[in-house]
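> Sequence first, predicted model second:
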Amino acid sequence: MSNVKLAVIYYSSSGTNYQLSKWAEEGAKEVGAEVKVLKVPETAPQSAIESNPIWKKHVEATKDVPEVSLDDLEWADAIIFSVPTRFGNVPSQMQSFLDTTGGLWFSGKLANKVVSAMSSAQNSHGGQEATILSLYTTMFHWGAIVAAPGYTDPVIFKAGGNPYGTSVTVDQDGKMKEDVEAAVKHQAKRTVSIAEMVKGK
Ligand SMILES: Cc1cc2nc3c(=O)[nH]c(=O)nc-3n(C[C@H](O)[C@H](O)[C@H](O)COP(=O)(O)O)c2cc1C
């Protein structure tokens, strides 16, 4: 059993990063962590969502997933972020949420959180690594401990070999091209186990 509380915080408009988050939840639960899967608040206008059937369907399918709050950040020992690439960067929805964490940061409550991140893009070199690294920049400012997967398990090579965090390519229909489930679960377990070391038993 683990004493670690893990928040998996994601943004997704067509389901990929939601699926990555659910695999992370499964992996972390396998090692006994307490896990919450949480979405960041949508900031796009309803008209934009309505105009895209895939986006609309995903919003409807995940309407019961709780929205992340600042209390969840305080609660968590470890955090895994999952976001799609937006022009090689973090989606504005996630950025808006991160921009609300100044008060927690100021009171030292984000220091020593153990974090890692995952991403997806339509192209195999479409900005996954840049997106993850951009998110990690904020983590360094938090004083978080980045638990990137590196090449700590053979499953990472099979998933495309991204040492910064698991990432996947999605085709036009939103179908994942690489099989990354095992790499996501490995990343989740590693994040939990490093959080155990930081937290102490
Ligand atoms: C505004 C916008 C910008 C995007 N920029 C990129 C990009 O720079 N490179 C890329 O490969 N895919 C890009 N994509 C595709 C998304 O990354 C892809 O749809 C996403 O990873 C799917 O994740 P989701 O199903 O969780 O929403 C972009 C999509 C949108 C809507």
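Nice, thanks for sending it over. Residues are numbered from 1 along each chain as shown.
> how far does the stretch of helix or strand Met197 belongs to sit from the chain's center?
In the assignment (DSSP states H and E), Met197 maps to helix 181-199. With CA atoms, centre = their mean, to the nearest Å as the basis, helix 181-199 stands 13 Å off its chain's centre.
> Next up, the contacts around the residue in the chain positioned nearest to the ligand.
Among all residues of the chain, Gly126 sits closest to the ligand, at 2.0 Å; criterion: CB to the nearest ligand atom. In short, each C-beta sits where N, CA and C put it, glycine included. By CB atoms under 8 Å, 6 or more residues apart in numbering, the contact set of Gly126 is 85, 88, 169.
> How about Ile54?
Contacts of Ile54 (CB under 8 Å, 6+ apart): 13-14, 174.
> check these against the ligand, which are close?
The residues of the contacts of Ile54 that also fall near the ligand, by CB under 6 Å from any ligand atom, are 13-14, 174.
> can I get the residues you listed in CSV with neighbour count and secondary structure?
Formatted as CSV, those follow (neighbours: other CB atoms under 10 Å; DSSP: H, G, I helix; E, B strand; the rest coil):
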residue, neighbour count, secondary structure
Ser13, 22, coil
Ser14, 16, coil
Gly174, 15, coil
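> So among these, where is pLDDT lowest?
Least confident by pLDDT among the ones next to the ligand among the contacts of Ile54: that is Gly174, with 89.
> buried residues in stretch 44-60?
49, 55, 58-59 (16 or more other CB atoms under 10 Å).
> near the ligand, anything from that stretch?
No - Stretch 44-60 stays clear of the ligand (CB under 6 Å from any ligand atom), getting no nearer than 7.2 Å.
> returning to that earlier point: columns distance to Thr152 on top of the ones next to the ligand among the contacts of Ile54, output as CSV?
Formatted as CSV, these follow (distance: CB to CB, whole Å):
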residue, distance to Thr152
Ser13, 31
Ser14, 30
Gly174, 29
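> So, low pLDDT: which residues of this protein?
Filtered on pLDDT under 70, the chain yields the residue ranges 201.
> where do the helices sit along it?
For the chain, the helices defined by DSSP state H occupy 16-30, 46-50, 53-61, 70-75, 92-98, 102-106, 128-142, 154-158, 181-199.
> Which residues are in contact with the spatially closest residue to Asp72 that is not a sequence neighbour?
Take Asp72 and drop its neighbours on the chain: the residue closest to it by CB to CB, 6 or more residues apart in numbering is Ala7, 5.2 Å away. With contact set as CB under 8 Å, 6+ apart, Ala7 has these partners: 35-36, 38, 68, 72-73, 75-76, 78-80.
> Kindly recompute the last result at 7 Å.
36, 38, 72, 76, 79 (CB atoms under 7 Å, 6 or more residues apart in numbering).
> do the same with Ser119
83-85, 128, 131-132, 165, 167.
> Could you list the residues of this protein in contact with the ligand?
Counting by CB under 6 Å from any ligand atom, the chain comes close to the ligand at 12-17, 84-88, 120-123, 126-127, 170, 174.
> Selecting buried members of those residues in ChimeraX, what would you type?
Entered in ChimeraX, the line below selects the buried ones among these, by 16+ other CB under 10 Å:
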select :12,13,14,15,16,17,84,85,86,120,121,126,127,170
